[in-house]
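S.K.: Build me a structure from this.
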Amino acid sequence: MSQTRLDGRTAERLFADAVAAHRKGDFALAARRLEKLRAAFPDHVDVLHLLGHVRLGQGRPLDAIGPLRQAVRAAEGANRKDILVSILNVLGSAERRAGEPARAAQTLARAARLAPGDPDIHFNLGNALADSGRLADAAASFRRAAELSPGDAAIRFALGETLARMGENAGAAEAYAVTVALDPRHAKAHAALGALRLDANDYPGARAVLDKAIALDPDLAEAHLNLGLLQVAAGDADSGLAATRRALRLKPSLVAAHSNLVQQMSYSARCSAADILAEARRWNDVHAKPLAARIQPLTNQRDPECRLKVGYVGGDFRAHPVGFFTLALFAHHDADAFETFVYMTHPRMDAVSEKIRSSVAQWRDVAAKGDAELADMIRADGIDILVDMAGHTAKNRLLALAMRPAPVQAVGGGVMGATGVDAVDYFLADRVEIPPGFEKFYSEAVVRLPHDNVCYAPPEHATPVAPLPAKTNGRITFGCFNAAAKVTSETVALWARVLAAVPDSRLLLKSFAYADAGTRARFLRLFAEAGVPESRVTLEGPSPHAELLAAYGRVDIALDPMPYSGGLTTLESLWMGVPVVSLPGETFASRHSASHLTNAGLPELIAATADDYVAIARRLASGLDSLGALRAGLRARLAASPVCDGAAYARGLEAAYREMWRRWCAGERPSAMDIPPS
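M.R.: Residues are numbered from 1 along each chain as shown. Next up is the predicted model:
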C-alpha cells in the first residue's frame, strides 16, 4: 500500500477511507481525505497516485496531471518500479483527456517499454497516438494489444476505427467483424461496419448490420446517421432525412449528422432553398460559433498586388467530380501571381490526386489532423485566400474555417448550397447557378464568375460518339446515369409523363444503387405506380468509367433528375453526344445542369416548368435526323465552349480572388461581385 508506512493510525485510517470512497465512486470524499494526507506527506507515492485517479474520476484531468507527475518523480526516487508503470498509465490517460495527446503518447510509450506485455498500456498508447494523428503508429499499438489480449472486443474496435480513418477499409471491416464476433452485442461495431459496407456499395450488407445495430441500441446516434446515408444513397431521401434527424436528436453534438442533414435536404423536393439556408445557419450557431474564441490575429500583409497564397481544402481531390473539375484549374493557375496549396482531408489518393498534386505548389495530407491543428497549419502557411471545396459534404473541415485561419475565405467546388458559416465570406458561382434575386438563399456574398462555375477536363479514355441508337432499334431510349439518390418520387412521376408522351420509348437508369435488388424493386414499384410497366425500364449497376461512358451509345436523350440535377454526369452525357433535358429550381443543387447547358450554348434544353420538360423531351424525340445531327456535333460544341476552357476559367477565378483580396486590403466587408469576361 505504501512506500513507507504512513505515520500514525489516523493517517492509515484516512488512506483506507480514501480507498473505500474511491471504490464506491464517492470522489469528493476521497479527494478530501487525500488532500489532507498530501499536506502531511507531500511526496508519498500512493497518496499522489490515488489522488490522480480520484481527480480523473471527478472529470478533472488537468488537476490530475500535477500529482501524477509528482508521483512519477517520487516513485523514481524511491526505486518503486512496482508502481511506476501504473502511475505512467494513469498519467498518460490524464494527459490525453486534458487535450495533450502528444505528451500522453510519450508517457505511455515509456510505460510500454517498462511493461511490454501489458495490453492495457498498448491500448491506451494507441488511443493517444490516434488522437495525435499518428494513425499508423496507433494501429501498430492496437495490433500489439490485440496480440496480448485476443479476446478484447474494445481493442479490435479501436483498431477498426483507426484503420477506417487511414482509409484502409478492408482492414477496418475485418477488425469490426472480429469485434462483433467477440461481442455480438457491440452496437457501435455493427454501425461502423454498416458505414464501410455502404462505402463499398454493399447495400444489403449495410442494411443488415445497421438494422442489427439499431436493434441492439435504438438510441445509438451513429447507427441512425449511417442508416440515413444508406437510405439517401438508395434514392429514399425523405426516409434518409428522418433517420438523420433522429441521429441529431439523440446526439445534438454530432457534427457529421448535422452536416449530413444540411447536405441531404438538397435531395428532397420538400426542402426549399430557404429551408436549407436556415438549417445551415443552425449548424453554424451550434458548431461553429463556439469556435470564434479560438480565432487568432493574422499577420498577412495588406498588399493588394502581392503574389497570393491560395489554399484549397477538401477530401475530393481524386476520381470525383471535384477532382475532375479542378484538373484544368490547377494546370492553368498563374504561378507567377498565385502560389497554390491543397489540404487533402481524405486518406486515400488515386491517379487524379497524383495529377493534381503534380500541378500545385504545395500538397498537404491532413486527413489525420484535427480541425484546430489544420487551422494552425493554414495560418502558419500564410494562406491569403482559403477556398473550401466541400461545404457540408463528407470530409469537410468547416470547423477549421470557423477559426478563421485566412483573411479571406470562400466556398466553391463540391458544395450543395450555403454553408451558413459566419467565417465564410464568399460563395463562388455563376450567373445561372445563382441568378439575380437568389442571393437571399446564401449566407455568403455571391461571386458570379464570367462563365460556368466549374471547368470540365474530358477524360482521354472516352470512346468516340456512337451513332444515334434510335436509328438502329427504331425507338427512343431515354437515360439517366446520375446517382439513384437524385431520383426522387417526383422525378419518377415526371419521367413517367415523358415516357407516356413518347410511345414505345424506353428508360435506362445506371448507377451503383441499382446493383441492389431491394433498390431495384423499390424503383420498379414507383414506376409501376406511375403507370410505367417494368418492360419499359432497365436498371443497371455500375461499370468502370470507360464502360460507363460507352454506355451512352445506348441512350438517345438524357433526362436530368430533380430537385438535384446532374453536374459531372451532365457534362459526360454531352461529351458522349447525348443532349440533356433539365428542370432547374431555386436551390443551388438544382441548377448545375442549367449552368452547363447555358455555357455550352444549349439553353433550349432548359425547361421552365414540368410541362415544358415533357415538351422538350418529346420535341427532341420526334425528329431523328435533327437529333442525330445534334448528337454528332455536341462534343465539338462542348469542347469549344467556356465549359472546357481551362485557361479562361482560371483567369476568371483569379480575377475574383484578386478583387476579394483588394477589398480585404482596403478594409471593406465582403460583398457580392460579378466578374466580367476577360
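
S.K.: Residues in contact with stretch 187-200: which ones?
M.R.: Residues outside stretch 187-200 that contact it (Cβ atoms under 8 Å, 6 or more residues apart in numbering): 153, 156-157, 160-161, 164, 169, 172-173, 176-177, 179-180, 183, 203, 205-207, 209-210, 212-214, 216-217, 220, 222-223, 225-227, 229-230, 233. The way it works is simple: take the backbone N, C-alpha and C, and place the C-beta from them, glycine included.

S.K.: my bad, should have said stretch 152-162
M.R.: Stretch 152-162 is contacted from outside by 119, 123, 126-127, 130, 135, 138-139, 142-143, 145-146, 149, 172-176, 178-179, 182-183, 186, 188-189, 192, using Cβ under 8 Å, 6+ apart.

S.K.: buried residues in it?
M.R.: The neighbour-count check on stretch 152-162 (16 or more other Cβ atoms under 10 Å) flags Asp152, Ala153, Ala154, Ile155, Arg156, Phe157, Ala158, Leu159, Gly160, Glu161, Thr162 as buried.

S.K.: how far out from the middle of the chain is it?
M.R.: Chain-centre distance of stretch 152-162: 22 Å, with Cα atoms, centre = their mean, to the nearest Å.

S.K.: how about the CA coordinates for that stretch, as CSV?
M.R.: The C-alpha atoms that make up stretch 152-162 are tabulated as CSV, following Å, rounded to 0.1, in the frame of the first residue of the first chain:
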residue,chain,number,x,y,z
ASP,A,152,-10.8,-8.0,-26.1
ALA,A,153,-13.5,-6.5,-28.3
ALA,A,154,-12.7,-2.9,-27.3
ILE,A,155,-9.2,-3.3,-28.7
ARG,A,156,-10.4,-4.6,-32.0
PHE,A,157,-13.0,-1.8,-32.3
ALA,A,158,-10.3,0.8,-31.7
LEU,A,159,-8.2,-0.8,-34.4
GLY,A,160,-11.1,-0.7,-36.8
GLU,A,161,-11.7,3.0,-36.1
THR,A,162,-8.1,3.8,-36.7
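
S.K.: can you list the weak-confidence ranges in the protein?
M.R.: 1-8 (pLDDT under 70).

S.K.: how does it divide up, domain by domain?
M.R.: For the chain, automatic domain parsing gives the domain ranges 9-197, 295-455+653-674, 470-644.

S.K.: With distance to Gln264 as new columns, can these be given to me in JSON lines?
M.R.: Listed next are the domains of the chain as JSON lines, based on distance: least, Cβ to Cβ, whole Å:
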{"stretch": "domain 9-197", "distance to Gln264": "15"}
{"stretch": "domain 295-455+653-674", "distance to Gln264": "9"}
{"stretch": "domain 470-644", "distance to Gln264": "9"}
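
S.K.: backbone phi and psi for Pro503, please?
M.R.: Backbone torsions for Pro503, taken as degrees, to the nearest 10, come to phi -60, psi 140.

S.K.: meant to ask about Thr598
M.R.: The phi/psi pair for Thr598 (degrees, to the nearest 10) reads phi -60, psi -50.

S.K.: count of residues packed around it?
M.R.: Around Thr598 sit 23 other residues, with neighbours defined as other Cβ atoms under 10 Å.

S.K.: separation between it and Pro584?
M.R.: Per Cβ to Cβ, to the nearest Å, Thr598 is found 10 Å from Pro584.

S.K.: Next, count neighbours for Asn124.
M.R.: For Asn124, using other Cβ under 10 Å, the count is 25.

S.K.: Verify the assumption that it is located in a helix.
M.R.: Yes - under DSSP: H, G, I helix; E, B strand; the rest coil, Asn124 falls within a helix.

S.K.: dump the residue contacts of it.
M.R.: Counting by Cβ under 8 Å, 6+ apart, Asn124 makes contact with Asn89, Gly92, Ser93, Arg96, Leu108.

S.K.: The last one: neighbour count?
M.R.: Pointing back at Leu108 there. By other Cβ under 10 Å, 28 other residues sit near Leu108.

S.K.: follow-up on the earlier one: just flag the most distant two among the contacts of Asn124.
M.R.: Checked with Cβ to Cβ, the contacts of Asn124 reach their widest spread between Asn89 and Arg96, with 11.0 Å between them.
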